[in-house]
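Asks: only the shape, not the letters, is given here:
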């Protein structure tokens, strides 16, 4: 399960420690209705330094809100491809049947052939059983200022860990000068792009962030949501081309019908479900331990922001610098469902063998019927059978080569294992002397980081047959995040709730809560 990188616009390092900053990948949530777009993006940037500014252009002034870190992992899980691994081995029965027919057909004529055929058939069956196992071995079981000023500060606020400033200007060089006055560097390549945006009347949001380390490493702050007026949904891209030569982009688009965009392909298009969320209690966890074919939108924030949109489209692209010279303007087309299906290497090989065997079996039946009603010599029949065998072998190879494949990791998970892990973590936290949100969160992180120090947990896990804190839904370890298989601690009045999330991202709240004023 991959963790897809995120961002838009341009991330700028400080002058004090100049460095090239790149955005590895991007993904965003776009919800559009009645001329209003909500664009949720999570910036992930790599570079050295402690102070950074993330610059994003918009066609109109946006309303900025904080998004939770679990929003995109939930989207990734809901729209993950369907992976086919276990495939029935029809080819074994077919090959055995064909072998038996051929055996009895030629046994009388060629006694020596019987011994050779049995040997070849045995080796073929052994190879057929081993090939899927060998293929499986390869698999490895996100206040305004006077308008006379060159730069208008339209809005300034703190949004989560970001300090955001919305800027408007009629001077093409005003934004660059303003950034330099704030001690941020601006690439000379960004000048023409900024000038073009200013000419079109766009505004800019500068989201400043500070991190503790100046090492050249990747940072992933929480996402930001921007809601603004626009006649056509857009994903700003031109500033990204300043620092990136190639970029993988994933867009989750919710709207009235199927979305499309230049250079993007539709990886998934579906009609999501909006069922009534389960009861807010922990024991309703069993409401959903898996995902239906069409995603259920029950994650609280995702459900609120998508607004019941009837169609969801996932667009993907790997863009070159030339393709990033234009913003991504989304269009709409008639709804047509698109599924994303992948095979493991073992599943693809088994599927290929099945198709090849059915071709061989059907071809032999046709050949037998032809010889039954038409006169043909024995040599000609053998030639046709050989050609048929070659065709079936070719179909097997082509099927395996052209089926979309992915590496998979196979994990044995006991029923209710994820629920038991979350539940055991909750009971351990109840036994701590923690009172505040921060104290409880720190205690949870300590338990998750050093599980073998807690002997009761070790004994419980051994009795249940699990040995780690792995999250089998979104990957990685169980941690504090509002995404499938994880948990959050939420302050409600004078109490702290423990909230677990099922495979759809639905909340399940433990009834017993911490009182922040009373020692547990």
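Replies: Perfect, I can see it now. Since we're looking at a predicted model, the values are computed, not measured.

Asks: how about residue 151, what does it touch?
Replies: Residue 151 makes contact with 145, 167, 168, 169, 171, 174, 175, 177, 178, according to CB atoms under 8 Å, 6 or more residues apart in numbering. Yep, even glycine has a C-beta here, placed from its N, CA and C like the rest.

Asks: give me the buried entries from these.
Replies: 167, 168, 169, 174, 175, 178 (16 or more other CB atoms under 10 Å).

Asks: and the fourth one, how far from residue 57?
Replies: Distance of residue 174 to residue 57, computed by CB to CB, to the nearest Å: 14 Å.

Asks: same thing with the second one?
Replies: Computed as CB to CB, the residue 168 to residue 57 distance reads 11 Å.

Asks: anything in contact with each of these two?
Replies: Listed contacts common to residue 168 and residue 57 are 203, 204; contacts here mean CB under 8 Å, 6+ apart.

Asks: what's the lowest-pLDDT member of the contacts of residue 151?
Replies: Lowest pLDDT among the contacts of residue 151: residue 145, with 35.

Asks: give me the mean pLDDT for stretch 89-97.
Replies: Across stretch 89-97, pLDDT averages out at 75.

Asks: report the buried residues of it.
Replies: Buried residues in stretch 89-97, counting neighbours by 16+ other CB under 10 Å, are found at 89, 90, 91, 92, 94, 95.

Asks: got it, and stretch 328-343?
Replies: Going by neighbour count (16+ other CB under 10 Å), the buried part of stretch 328-343 is 328, 330, 332, 340, 342, 343.

Asks: closest to residue 497 among these?
Replies: residue 340 (35.4 Å; CB to CB).

Asks: who's in contact with that closest one?
Replies: Shown in contact with residue 340 (CB under 8 Å, 6+ apart): 79, 81, 82, 267, 268, 314.

Asks: a markdown table for the buried residues of stretch 328-343, including secondary structure?
Replies: What follows is these, written out as a markdown table (DSSP: H, G, I helix; E, B strand; the rest coil):
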| residue | secondary structure |
| --- | --- |
| 328 | strand |
| 330 | coil |
| 332 | strand |
| 340 | coil |
| 342 | strand |
| 343 | strand |
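
Asks: tell me which two in these are the farthest apart.
Replies: Largest separation among the buried residues of stretch 328-343 by CB to CB: 332 and 343, giving 31.5 Å.

Asks: how about low-confidence regions in the stretch 1-150 of the chain?
Replies: Residues of the stretch 1-150 of the chain that meet the criterion pLDDT under 70 lie in 1-24, 45-50, 100-149.

Asks: now with 50?
Replies: Within the stretch 1-150 of the chain, the ranges that satisfy pLDDT under 50 run 1-7, 14-23, 132-148.

Asks: look up how far residue 203 lies from the nearest residue to residue 235 once chain neighbours are set aside.
Replies: Using CB to CB, 6 or more residues apart in numbering and skipping residues adjacent in sequence, the residue nearest residue 235 is residue 328, 4.0 Å away. Spatial separation of residue 328 from residue 203 under the definition CB to CB is 18 Å.

Asks: kindly report the same for residue 89.
Replies: Per CB to CB, residue 89 is found 61 Å from residue 203.

Asks: same question for residue 367.
Replies: Counting by CB to CB, the gap from residue 367 to residue 203 is 73 Å.

Asks: give me the more crowded residue out of those two.
Replies: Between residue 367 and residue 203, counted using other CB atoms under 10 Å, the more crowded position is residue 203 (22 against 16).

Asks: before we move on, the earlier item: pLDDT score assigned to the residue nearest to residue 235?
Replies: We have a pLDDT of 95 for residue 328.

Asks: if we can go back for a sec, the buried ones among the contacts of residue 151 in helices, which ones?
Replies: 174, 175, 178 (DSSP state H).

Asks: in TSV: the residues you listed, plus distance to residue 396.
Replies: Output for those, formatted as TSV (distance: CB to CB, whole Å):
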residue	distance to residue 396
174	65
175	60
178	64
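
Asks: tell me how the protein divides into domains.
Replies: 10-80+143-272+309-333, 86-140+342-402, 417-515 (automatic domain parsing).

Asks: now render the ones you listed as JSON lines, adding distance to residue 409.
Replies: JSON lines is the format used below for the domains of the chain (distance: least, CB to CB, whole Å):
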{"stretch": "domain 10-80+143-272+309-333", "distance to residue 409": "14"}
{"stretch": "domain 86-140+342-402", "distance to residue 409": "5"}
{"stretch": "domain 417-515", "distance to residue 409": "9"}
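
Asks: and residue 297, which of those domains is closest to it?
Replies: Proximity of the domains of the chain to residue 297 was assessed by CB to CB; the nearest stretch is domain 10-80+143-272+309-333, lying at 5.1 Å.

Asks: just checking, residue 422 is part of a strand?
Replies: No. Counting by three-state DSSP, one finds residue 422 to be helix, located in no strand.

Asks: what is the neighbour count of it?
Replies: If you count neighbours by other CB under 10 Å, residue 422 ends up with 24.

Asks: what about stretch 487-504, how long is it end to end?
Replies: Start-to-end span of stretch 487-504 (CA to CA, to the nearest Å) is 13 Å.

Asks: so what's the model's average confidence on that stretch?
Replies: The average pLDDT for stretch 487-504 rounds to 86.

Asks: got the buried residues for that stretch?
Replies: Going by neighbour count (16+ other CB under 10 Å), the buried part of stretch 487-504 is 487, 488, 489, 496, 497, 498, 499, 500, 501, 502, 503, 504.

Asks: thinking again about what came up before, distance to residue 305 for the buried residues of stretch 328-343 - can I get that in TSV?
Replies: Converted to TSV, those look like this (distance: CB to CB, whole Å):
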residue	distance to residue 305
328	20
330	17
332	19
340	23
342	28
343	34
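
Asks: give me phi/psi at the closest residue to residue 506 other than its chain neighbours?
Replies: Leaving out its chain neighbours, the residue that sits closest to residue 506 by CB to CB, 6+ apart is residue 298, at 4.1 Å. Residue 298 adopts backbone torsions of phi -130, psi -10, taken as degrees, to the nearest 10.

Asks: start the count at 131, not 1, going forward
Replies: All right, first residue 131 from here; so that's residue 428.

Asks: need the contact list for residue 428.
Replies: Counting by CB under 8 Å, 6+ apart, the residues that residue 428 touches are 404, 405, 407, 408, 634, 635, 636.

Asks: can you name the residues that contact the third one?
Replies: Pointing back at residue 407 there. Contacts of residue 407 by CB under 8 Å, 6+ apart are 428, 430, 433, 636, 637.
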